[in-house]
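Trainee: Just a sequence and a predicted model for now, questions to come.
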Amino acid sequence: MTGKGTGDRGGLGPNTSFFASWSGGKDSCLALHRAMRAGGRPERLLTMLVEEGNRSHSHGLSLEVLRAQAAALGVPITFRATTWGDYERHFIGALKEFRAAGIEAGVFGDIDIGAHREWVERVCDEAGLAACEPLWRAERRALLEEFMDAGFVARVVMVRGGALGPDFLGRTLDRALVREFEALGIDASGENGEYHTVVTDGPIFSSPLALAEGERVERSGCWFLDVALAPPGRA
């Protein structure tokens, strides 16, 4: 399978096997949802971890939480620990393994930043996979509405200093919060890195994730909320 598509189908044909680039947040989740709705078969999630291998890049999610998401989605997850310097090399290596296993395409949650799409297409080309962008060129605010209307639930786990304060950590992504972002002049979708989320429930989850909040930690100019699976009865 070759070619690079856009729109709701994202270039994904019916019954196409794919991996999803998985951050654990709202955009990767909605892209996965759209790809499945288009008839694609999710075979694998791929999450890139920091060099120490204990949390994800960008969102700062633990392996425990990421594995719980994958279990609820019913899709196996693959991890790669990298620095930013060797991120691309390890990413392409994982894609080549997927291709050798028969996976045909990769699904990504980019919306409208051209440099991101160019990178996705280049690394997929090198691995012999089709690059599919189900959210591409959709209106940002409309995607948020689609995400919430579908019944997905997400909480804020990262905010960028200078854009939002740590008091936003742990907040549920709902219409009230979206209005707060807009009143502050923040892009409601966080497409410019203003915030990241963790998805805990939705129509493609077999059961919701109960998360317990931990420390608020500042790293590289951003505030992160450590979250873990809550003990039974203590969500």
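Mentor: Cool, the structure landed.
Trainee: Can you say which helix or strand has the spatially closest residue to Leu209 that is not a sequence neighbour in it?
Mentor: Of all residues beyond its chain neighbours, the one nearest Leu209 is Thr200 (4.3 Å), with distances taken as C-beta to C-beta, 6 or more residues apart in numbering. Quick note: C-beta positions are derived from backbone N, CA and C, even for glycine. Assigned by DSSP states H and E, Thr200 belongs to strand 195-201.
Trainee: Would you tell me what the next helix or strand after that strand is?
Mentor: Past strand 195-201, further along toward the C-terminus, the next helix or strand under DSSP H and E is strand 211-219.
Trainee: That next one - what's its average pLDDT?
Mentor: Across strand 211-219, pLDDT averages out at 96.
Trainee: send the alpha carbons of that strand over as PDB?
Mentor: C-alpha atoms of strand 211-219 as PDB (Å, rounded to 0.1, in the frame of the first residue of the first chain):
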ATOM      1  CA  LEU A 211      -6.100   7.600  37.800                       C
ATOM      2  CA  ALA A 212      -4.600   9.000  40.900                       C
ATOM      3  CA  GLU A 213      -2.800  12.300  40.900                       C
ATOM      4  CA  GLY A 214       0.700  12.600  42.100                       C
ATOM      5  CA  GLU A 215       3.300  15.400  42.200                       C
ATOM      6  CA  ARG A 216       3.400  18.400  39.900                       C
ATOM      7  CA  VAL A 217       6.900  18.600  38.500                       C
ATOM      8  CA  GLU A 218       8.600  21.300  36.400                       C
ATOM      9  CA  ARG A 219      10.800  20.100  33.600                       C
END
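Trainee: Direction included, what does that strand pair against?
Mentor: Using DSSP bridges, strand 211-219 pairs in its sheet with strand 222-229 (antiparallel).
Trainee: Give me the buried positions along the partner strand.
Mentor: Within strand 222-229, the residues that qualify as buried by neighbour count (16 or more other C-beta atoms under 10 Å) are Cys222, Trp223, Phe224, Leu225, Asp226, Val227.
Trainee: I'd like the residues you listed as a markdown table, with distance to Leu63 and pLDDT appended.
Mentor: Rendered in a markdown table, the data for the buried residues of strand 222-229 read as follows (distance: C-beta to C-beta, whole Å; pLDDT from 0 to 100):
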| residue | distance to Leu63 | pLDDT |
| --- | --- | --- |
| Cys222 | 20 | 96 |
| Trp223 | 21 | 97 |
| Phe224 | 15 | 97 |
| Leu225 | 16 | 98 |
| Asp226 | 13 | 97 |
| Val227 | 12 | 97 |
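Trainee: Now the two most distant members of those residues.
Mentor: Of all pairs drawn from the buried residues of strand 222-229, the widest gap by C-beta to C-beta lies between Cys222 and Val227 and measures 15.2 Å.
Trainee: Enumerate every residue touching Ala20.
Mentor: Residues near Ala20 by C-beta atoms under 8 Å, 6 or more residues apart in numbering: Ser28, Ala31, Leu32, Ala35, Pro42, Arg44, Leu45, Leu46, Val75, Gly106, Val107, Phe108.
Trainee: and it, which of the three is it?
Mentor: Local secondary structure at Ala20 is given as strand here, using DSSP: H, G, I helix; E, B strand; the rest coil.
Trainee: Tell me the bridge partners for it.
Mentor: In this structure, Ala20 has the following beta-bridge partners (DSSP bridges): Leu45, Val107.
Trainee: Could you check how far it is from Leu177?
Mentor: In this structure, Ala20 lies at 25 Å from Leu177, with C-beta to C-beta, to the nearest Å as the measure.
Trainee: now do Phe168
Mentor: Phe168 is 8 Å from Leu177, where distance means C-beta to C-beta.
Trainee: I am finished for the moment; much appreciated.
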